[in-house]
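**Q** I need the structure of the sequence given here:
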Amino acid sequence: KDLSYLLEVRNKISLKVYNYMQEHSTSPKDLSLICLRENKHIEFFQIFYKALAYFVAFRKKLDGEQKIKNLISNINDCFGYHFLNSDFNNLQNFQKSDLFTLPEKHLKYFHFAMIHLCFMVLNPLNFKDSNRHLDKAINYLVDGTFEIYELIFKEYFLLFSKDKELKDELRKLKKLEFKILMQETSKIKLLNHYKEFCEEIFYNIELEKITQN
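**A** Residues are numbered from 1 along each chain as shown. So this is what the prediction gives:
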(Lines give C-alpha, C1' and ligand atoms only; values in the text may rest on other atoms or scores of the structure.)
Protein backbone atom coordinates (compact mmCIF):
# COMPACT_ATOMS: atom_id res chain seq x y z
CA LYS A 1 0.00 0.00 0.00
CA ASP A 2 2.74 2.45 1.01
CA LEU A 3 4.98 1.68 -1.95
CA SER A 4 2.00 2.06 -4.28
CA TYR A 5 1.43 5.49 -2.77
CA LEU A 6 5.03 6.46 -3.47
CA LEU A 7 4.83 5.28 -7.06
CA GLU A 8 1.59 7.23 -7.44
CA VAL A 9 3.41 10.37 -6.28
CA ARG A 10 6.14 9.79 -8.85
CA ASN A 11 3.54 9.36 -11.60
CA LYS A 12 1.81 12.60 -10.58
CA ILE A 13 5.11 14.47 -10.80
CA SER A 14 5.74 12.96 -14.24
CA LEU A 15 2.28 14.09 -15.37
CA LYS A 16 2.97 17.63 -14.16
CA VAL A 17 6.19 17.69 -16.17
CA TYR A 18 4.35 16.44 -19.25
CA ASN A 19 1.63 19.10 -18.86
CA TYR A 20 4.28 21.78 -18.42
CA MET A 21 6.00 20.67 -21.61
CA GLN A 22 2.72 20.76 -23.51
CA GLU A 23 1.78 24.17 -22.17
CA HIS A 24 5.12 25.74 -23.06
CA SER A 25 5.77 23.69 -26.22
CA THR A 26 8.91 22.28 -24.66
CA SER A 27 8.92 18.66 -25.70
CA PRO A 28 12.30 16.85 -25.65
CA LYS A 29 13.79 16.60 -29.11
CA ASP A 30 15.10 13.13 -28.56
CA LEU A 31 14.06 11.19 -25.48
CA SER A 32 16.92 8.77 -26.01
CA LEU A 33 19.27 11.64 -25.19
CA ILE A 34 17.67 12.39 -21.85
CA CYS A 35 20.47 11.54 -19.51
CA LEU A 36 18.93 8.75 -17.54
CA ARG A 37 22.29 7.31 -18.52
CA GLU A 38 21.82 3.58 -19.03
CA ASN A 39 19.00 3.80 -16.49
CA LYS A 40 21.69 4.66 -13.97
CA HIS A 41 19.20 6.12 -11.52
CA ILE A 42 16.91 3.07 -11.54
CA GLU A 43 19.19 1.00 -9.32
CA PHE A 44 19.21 3.72 -6.68
CA PHE A 45 15.42 4.08 -6.81
CA GLN A 46 15.18 0.33 -6.24
CA ILE A 47 17.56 0.55 -3.27
CA PHE A 48 15.49 3.41 -1.84
CA TYR A 49 12.24 1.46 -2.31
CA LYS A 50 13.81 -1.57 -0.61
CA ALA A 51 14.75 0.49 2.45
CA LEU A 52 11.24 1.93 2.53
CA ALA A 53 9.77 -1.58 2.33
CA TYR A 54 11.94 -2.62 5.28
CA PHE A 55 10.73 0.39 7.26
CA VAL A 56 7.10 -0.51 6.57
CA ALA A 57 7.75 -4.14 7.52
CA PHE A 58 9.55 -3.09 10.71
CA ARG A 59 6.74 -0.82 11.85
CA LYS A 60 4.15 -3.52 11.15
CA LYS A 61 6.07 -5.95 13.38
CA LEU A 62 5.59 -3.62 16.34
CA ASP A 63 2.17 -4.95 17.24
CA GLY A 64 2.49 -4.83 21.05
CA GLU A 65 0.90 -1.83 22.75
CA GLN A 66 3.79 -1.53 25.16
CA LYS A 67 6.26 -1.21 22.29
CA ILE A 68 4.22 1.41 20.48
CA LYS A 69 3.64 3.38 23.69
CA ASN A 70 7.37 3.25 24.27
CA LEU A 71 7.93 4.76 20.84
CA ILE A 72 5.34 7.50 21.36
CA SER A 73 6.75 8.49 24.75
CA ASN A 74 10.40 8.55 23.71
CA ILE A 75 10.66 9.55 20.06
CA ASN A 76 11.00 13.21 19.17
CA ASP A 77 10.60 14.86 15.79
CA CYS A 78 13.99 13.65 14.54
CA PHE A 79 12.43 10.21 14.28
CA GLY A 80 9.96 11.41 11.68
CA TYR A 81 6.92 12.60 13.60
CA HIS A 82 5.65 15.46 15.75
CA PHE A 83 3.64 13.63 18.39
CA LEU A 84 1.98 16.79 19.71
CA ASN A 85 -0.23 16.58 16.64
CA SER A 86 -3.85 15.96 17.68
CA ASP A 87 -3.96 12.89 15.44
CA PHE A 88 -1.59 11.14 17.82
CA ASN A 89 -3.18 12.07 21.15
CA ASN A 90 -4.09 8.48 21.83
CA LEU A 91 -2.70 5.10 20.88
CA GLN A 92 -5.75 4.05 18.86
CA ASN A 93 -5.52 7.01 16.48
CA PHE A 94 -1.80 6.47 16.11
CA GLN A 95 -2.22 2.80 15.23
CA LYS A 96 -4.96 3.49 12.67
CA SER A 97 -3.08 6.30 10.94
CA ASP A 98 -1.53 5.54 7.55
CA LEU A 99 1.42 7.68 8.64
CA PHE A 100 2.33 4.93 11.07
CA THR A 101 3.97 3.01 8.23
CA LEU A 102 5.47 5.90 6.26
CA PRO A 103 8.65 7.77 7.24
CA GLU A 104 7.02 10.98 6.02
CA LYS A 105 9.89 13.29 6.89
CA HIS A 106 12.37 11.17 4.94
CA LEU A 107 10.34 11.12 1.73
CA LYS A 108 11.68 14.62 1.06
CA TYR A 109 14.74 12.92 -0.43
CA PHE A 110 12.52 11.16 -2.95
CA HIS A 111 10.87 14.49 -3.74
CA PHE A 112 14.23 16.24 -4.31
CA ALA A 113 15.48 13.38 -6.49
CA MET A 114 12.37 13.64 -8.67
CA ILE A 115 12.85 17.40 -9.03
CA HIS A 116 16.34 16.91 -10.45
CA LEU A 117 15.15 14.16 -12.81
CA CYS A 118 12.41 16.51 -14.01
CA PHE A 119 15.02 19.17 -14.80
CA MET A 120 16.80 16.56 -16.91
CA VAL A 121 13.64 15.90 -18.89
CA LEU A 122 13.12 19.60 -19.54
CA ASN A 123 16.72 20.10 -20.75
CA PRO A 124 17.56 16.86 -22.58
CA LEU A 125 20.32 18.21 -24.81
CA ASN A 126 22.27 20.05 -22.14
CA PHE A 127 24.55 17.17 -21.18
CA LYS A 128 26.52 19.09 -18.56
CA ASP A 129 23.41 20.13 -16.65
CA SER A 130 21.78 16.73 -17.16
CA ASN A 131 24.74 14.91 -15.65
CA ARG A 132 24.81 17.35 -12.75
CA HIS A 133 21.10 16.83 -12.05
CA LEU A 134 21.49 13.07 -12.37
CA ASP A 135 24.31 13.06 -9.81
CA LYS A 136 22.23 15.17 -7.43
CA ALA A 137 19.20 12.90 -7.85
CA ILE A 138 21.31 9.83 -7.05
CA ASN A 139 22.87 11.55 -4.03
CA TYR A 140 19.42 12.37 -2.66
CA LEU A 141 18.29 8.76 -3.11
CA VAL A 142 21.42 7.47 -1.37
CA ASP A 143 21.04 9.95 1.51
CA GLY A 144 17.35 9.10 1.83
CA THR A 145 18.12 5.38 1.95
CA PHE A 146 20.69 5.88 4.70
CA GLU A 147 18.24 8.03 6.67
CA ILE A 148 15.49 5.40 6.47
CA TYR A 149 17.82 2.65 7.70
CA GLU A 150 19.06 4.95 10.48
CA LEU A 151 15.45 5.48 11.57
CA ILE A 152 14.86 1.72 11.76
CA PHE A 153 18.02 1.25 13.82
CA LYS A 154 17.16 4.09 16.21
CA GLU A 155 13.68 2.77 16.84
CA TYR A 156 14.92 -0.80 17.28
CA PHE A 157 17.52 0.14 19.88
CA LEU A 158 15.00 2.37 21.61
CA LEU A 159 12.89 -0.74 22.15
CA PHE A 160 15.69 -3.28 22.58
CA SER A 161 18.42 -1.28 24.26
CA LYS A 162 20.07 -4.37 25.77
CA ASP A 163 20.88 -5.96 22.42
CA LYS A 164 24.65 -5.46 22.76
CA GLU A 165 25.56 -7.85 19.96
CA LEU A 166 23.72 -5.86 17.31
CA LYS A 167 24.96 -2.60 18.82
CA ASP A 168 28.53 -3.78 18.29
CA GLU A 169 27.72 -4.71 14.70
CA LEU A 170 26.22 -1.28 14.10
CA ARG A 171 29.33 0.42 15.51
CA LYS A 172 31.44 -1.49 12.98
CA LEU A 173 29.10 -0.42 10.18
CA LYS A 174 29.35 3.21 11.27
CA LYS A 175 33.15 3.01 11.22
CA LEU A 176 32.96 1.55 7.72
CA GLU A 177 30.62 4.37 6.68
CA PHE A 178 33.16 7.01 7.71
CA LYS A 179 35.85 5.28 5.66
CA ILE A 180 33.74 4.94 2.53
CA LEU A 181 34.99 6.92 -0.44
CA MET A 182 32.54 8.96 -2.49
CA GLN A 183 32.17 6.19 -5.05
CA GLU A 184 28.84 4.76 -6.12
CA THR A 185 30.05 1.16 -5.89
CA SER A 186 31.17 1.79 -2.30
CA LYS A 187 27.83 3.39 -1.44
CA ILE A 188 25.94 0.41 -2.85
CA LYS A 189 28.17 -1.99 -0.90
CA LEU A 190 27.56 -0.09 2.33
CA LEU A 191 23.80 0.09 1.71
CA ASN A 192 23.79 -3.68 1.21
CA HIS A 193 25.47 -4.03 4.63
CA TYR A 194 22.71 -1.87 6.10
CA LYS A 195 20.08 -4.04 4.43
CA GLU A 196 21.64 -7.20 5.92
CA PHE A 197 21.77 -5.56 9.34
CA CYS A 198 18.09 -4.73 9.01
CA GLU A 199 17.35 -8.39 8.25
CA GLU A 200 19.11 -9.34 11.49
CA ILE A 201 16.84 -6.94 13.35
CA PHE A 202 13.77 -8.64 11.86
CA TYR A 203 15.13 -12.04 12.86
CA ASN A 204 15.68 -10.88 16.45
CA ILE A 205 12.17 -9.43 16.71
CA GLU A 206 10.66 -12.72 15.54
CA LEU A 207 12.93 -14.64 17.91
CA GLU A 208 11.74 -12.51 20.81
CA LYS A 209 8.11 -13.26 19.93
CA ILE A 210 8.85 -17.01 19.95
CA THR A 211 10.61 -16.91 23.33
CA GLN A 212 7.75 -14.94 24.86
CA ASN A 213 5.11 -17.48 23.78
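**Q** Show me where the chain has its helices.
**A** 2-23, 40-61, 65-74, 91-96, 108-122, 127-159, 164-179, 184-212 (DSSP state H).
**Q** Show me what the last one packs onto, helices and strands only.
**A** Applying 3 or more CB pairs under 8 Å, 6 or more residues apart in numbering; DSSP states H and E, we find helix 184-212 packed against helix 40-61, helix 127-159, helix 164-179. Glycine gets a C-beta too; all of them are placed from N, C-alpha and C.
**Q** got the buried residues for the longest one?
**A** To tie it back to what came earlier, the one meant is helix 127-159. When neighbours are counted by 16 or more other CB atoms under 10 Å, the buried residues of helix 127-159 are found to be 130, 133-134, 136-153, 155-156, 159.
**Q** now swap in the last one and tell me
**A** By neighbour count, and taking 16+ other CB under 10 Å as the criterion, the buried residues in helix 164-179 are 166, 170, 173.
**Q** gap between the closest residue to the first one other than its chain neighbours and Leu159?
**A** Spatially, and ignoring its direct neighbours in sequence, Leu166 is nearest to Glu200 (6.3 Å; CB to CB, 6 or more residues apart in numbering). The gap separating Glu200 from Leu159 is 15 Å, by CB to CB, to the nearest Å.
**Q** Please apply the same query to Glu165.
**A** Computed with CB to CB, the distance linking Glu165 and Leu159 is 15 Å.
**Q** thinking again about what came up before, can I get the buried residues of helix 164-179 in JSON lines with distance to Glu206 and pLDDT?
**A** Output for these, formatted as JSON lines (distance: CB to CB, whole Å; pLDDT from 0 to 100):
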{"residue": "Leu166", "distance to Glu206": "14", "pLDDT": "83"}
{"residue": "Leu170", "distance to Glu206": "19", "pLDDT": "82"}
{"residue": "Leu173", "distance to Glu206": "21", "pLDDT": "79"}
